[in-house]
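Q: Quick check, what structure comes out for this input:
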Amino acid sequence: MNDNFNIAKNFFETGEDFFLKKKYDEAEKNFNLSLKFLPDRVSTLINLGLCKIKLKEYNKCLEIINKIQTLNHNSFDFQNLKSLYFGETLQFEKAIDEIDKCLNYKNLNNFDKSNLLNYKGIACSKLSQYKESIKLQKEAVNLNENNFDAQCNLGFNNLVLENFEIGWKQYEFRLKKNNLDTSKYPIKISDIKNKKILIKAEQGIGDVIMFSRFLTDLLFYTTDITVEIPSVLKNFFRNDQFNFTTKKTIKLNNFDFEIFIGSLPYLFNKKNDFKIKSNLLNSQIFNAQVPKDKSFKVGLAWSGNENFKYDKLRSLELKYLSKLFSLKNQNVEFFCLQKDIRENDKEYFEKVKIKYLGDLNFFEVSKNIINFNLIISSDTSLLHLASTLGIKTFGLISNIPDWRWSLDRDDSYWYDNLTLFRKKQNENWEDVIDRVYIEVKDLI
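A: Residues are numbered from 1 along each chain as shown. Alright, predicted model coming up:
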């Protein structure tokens, strides 16, 4: 028995080390090995459950939770595991219940209490309880000012409420949260005058497209500007006043300042007027040949990156668009703009015979769709692409929106040509498509 304990302990400690290094596959392997020697050791089961959450194996995490419950175990760590499971599986009210149980434990240190208040704040924001969310995350920050996740979430909450001055300031905490290097940031924007600067890409492709509108403000201070872009955006931007380049071709350490593109609205103190003022796109996009046929062309993107934490909120299944496809008999032609077709969409995708453009880079896609009549997209980078190109665009937005889409408005302060169709509480996506259908019929 003692030998089993020591062997199990060694595997457990190795698993903990891998977990801290974010090597979750290796951590999982060692926790499983530990359980072979001590199968009912709750601390190991809890850590294995945390691995399953990180690996997005939620059903297996639930099996572990159910096993622990059969052992009649109750502890702070177990309640915490359950709260994380419910939060990750979008069961936000249940997550709050478990978090409250954790908060009731005596002698909680400030670090743990701060994290719990932040998690509860996230859950509240996903239930549209923004005032309560802000209150909780302020408490979290008061307990631990180095809780950069809570600081960043305060930024998201203020931005969705259009409190831009405080929102952009708190949005900067994403840099510390993600351990991004800001050693070459200017103290104030005037410091970059006549200097050589690098604007670095961050986050998703849609963010780079969206924040690119602020690049022209840099020209008031300097003309020596290199802009790093993802390789998928190669040739999409082209302007003589900027050097657009991919990361592989940048020579580092020869810039006076290096700034992440998402920091530009904060550095420029942007409080309103976010619309695009100057065209930075490759002119070849707009020289694309007008199609000879007279069909009403509609580009579609209905699902995004499955690895995004809240993808289930923003993406929808293709079958929910079925009502739109009935318009084919009115000379409407549909095109798929997204790259990946999910397994549960493939059969229906083949059935409706949508023309596929998803294997093109953004420059090639742009040339193909610039003369389209309409783009319909969920909250993906293609929504930003179409809106930036000036094409009439309908955005399919969850009832729990990303911060950039604000609340309760069908227009966007980012794009003039974008109309937002919001999924209301207790609606399904078919209800949203019913409203889109009516609008498309009026456009034909």
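
Q: Show me what stretch 431-438 is in contact with.
A: Y320, L321, K323, L324, L327, I376, F394, L396, F421, R422, K423, K424 (C-beta atoms under 8 Å, 6 or more residues apart in numbering). Heads up, the C-betas are built off the backbone N, CA and C, glycines and all.

Q: If we use 10 Å, what do you get?
A: 302, 316, 320-324, 326-327, 374, 376, 378, 394, 396-399, 410, 419, 421-424, 427, 429-430, 440 (C-beta atoms under 10 Å, 6 or more residues apart in numbering).

Q: Next step: the residues you listed restricted to strands.
A: Residues of the contacts of stretch 431-438 located in strands (DSSP state E): L374, I376, S378, F394, L396, I397, T419, F421, R422.

Q: now, which of the residues you listed sits nearest K270?
A: Among the ones in strands among the contacts of stretch 431-438, I397 lies closest to K270 (C-beta to C-beta), at 22.0 Å.

Q: In the ones in strands among the contacts of stretch 431-438, find the pair that's most separated.
A: Longest span within the ones in strands among the contacts of stretch 431-438, C-beta to C-beta: L374 and R422, 18.0 Å.

Q: Buried only: go through the contacts of stretch 431-438 for me.
A: Neighbour counting by 16 or more other C-beta atoms under 10 Å classes 302, 316, 320-321, 324, 327, 374, 376, 378, 394, 396-398, 421-423, 429, 440 among the contacts of stretch 431-438 as buried.

Q: and L252, what pLDDT?
A: Looking at L252, its pLDDT stands at 67.

Q: Equivalent analysis for M1, please.
A: 54.

Q: how near is the residue nearest the centre of the chain to R314?
A: A centroid search over the chain (C-alpha atoms, centre = their mean) returns F308, at 5.7 Å, as the residue closest to the centre. To R314, F308 is 8 Å away according to C-beta to C-beta, to the nearest Å.

Q: Give me the common contacts of those two.
A: With C-beta under 10 Å, 6+ apart, F308 and R314 have common neighbours D379, T380, D402.

Q: Over to the last one: give its phi and psi.
A: Going back to what we said before, that points to D402. Backbone dihedrals for D402, given as degrees, to the nearest 10, come out at phi -60, psi 150.

Q: Do I have it right that it meets F156?
A: Yes: using C-beta atoms under 10 Å, D402 makes contact with F156 at a distance of 8.5 Å.

Q: Among these two, which residue is more densely surrounded?
A: Shown here are D402 and F156; by other C-beta atoms under 10 Å, F156 has more neighbours (21 against 17).

Q: Give me the mean pLDDT for the host helix or strand of that one.
A: If you go by DSSP states H and E, F156 is part of helix 148-160. For helix 148-160, the mean pLDDT works out to 97.

Q: to the chain's geometric centre, what's the distance from it?
A: 14 Å (C-alpha atoms, centre = their mean, to the nearest Å).

Q: packing partners for it?
A: helix 110-126, helix 130-143, helix 164-171, helix 173-177 (3 or more C-beta pairs under 10 Å, 6 or more residues apart in numbering; DSSP states H and E).

Q: Neighbours of the closest residue to N147 other than its chain neighbours, how many?
A: For N147, ignoring the flanking residues on the chain, the nearest one in space by C-beta to C-beta, 6 or more residues apart in numbering is S114 at 4.7 Å. Neighbours of S114 under the rule other C-beta under 10 Å: 23.

Q: And for the one 4 residues further on?
A: When neighbours are defined as other C-beta under 10 Å, N118 has 27 of them.

Q: That one reaches F156, doesn't it?
A: No: counting by C-beta under 10 Å, N118 sits too far from F156 to count as a contact (11.7 Å).

Q: what do these two both touch?
A: Common neighbours of N118 and F156 (C-beta under 10 Å, 6+ apart) are S133, Q137.

Q: I'd like the secondary structure assignment at I391, please.
A: coil (DSSP: H, G, I helix; E, B strand; the rest coil).

Q: Identify the residues contacting it.
A: G299, S366, I369, I370, N371, F372, N373, L374, I375, L385, N417, L418.

Q: what bits of the stretch 1-150 of the chain have low per-residue confidence?
A: Scanning the stretch 1-150 of the chain for pLDDT under 70 picks out the ranges 1.

Q: what do you get if the cut-off is 90, keeping everything else the same?
A: 1-4, 72-74, 106-107 (pLDDT under 90).

Q: Contacts made by the lengthiest helix in the chain with the rest, please.
A: Ranked by number of residues, the top helix in the chain under DSSP state H is helix 2-20. Contacts of helix 2-20 with the rest of the structure, by C-beta under 10 Å, 6+ apart, involve 23-39, 41, 43-44, 47-48, 50-51, 54.

Q: of those residues, buried ones?
A: 24, 26-31, 33-35, 37-38, 41, 43-44, 47-48, 50-51, 54.

Q: pretty sure L281 is touching S212, no?
A: Yes: using C-beta under 10 Å, L281 is in contact with S212, at 9.1 Å.

Q: so what sits against both of the two?
A: F236, F237, T388.

Q: Which of the residues you listed ranks first by neighbour count?
A: Of the shared contacts of L281 and S212, with other C-beta under 10 Å as the count, F236 tops at 26 neighbours.

Q: Report the contact partners of it.
A: So F236 contacts 205, 208-209, 212, 229-230, 244, 280-282, 285, 361-366, 385, 388-389 (C-beta under 10 Å, 6+ apart).

Q: Now go through these and say which are in strands.
A: Using DSSP E, the contacts of F236 in strands are I229, F244.
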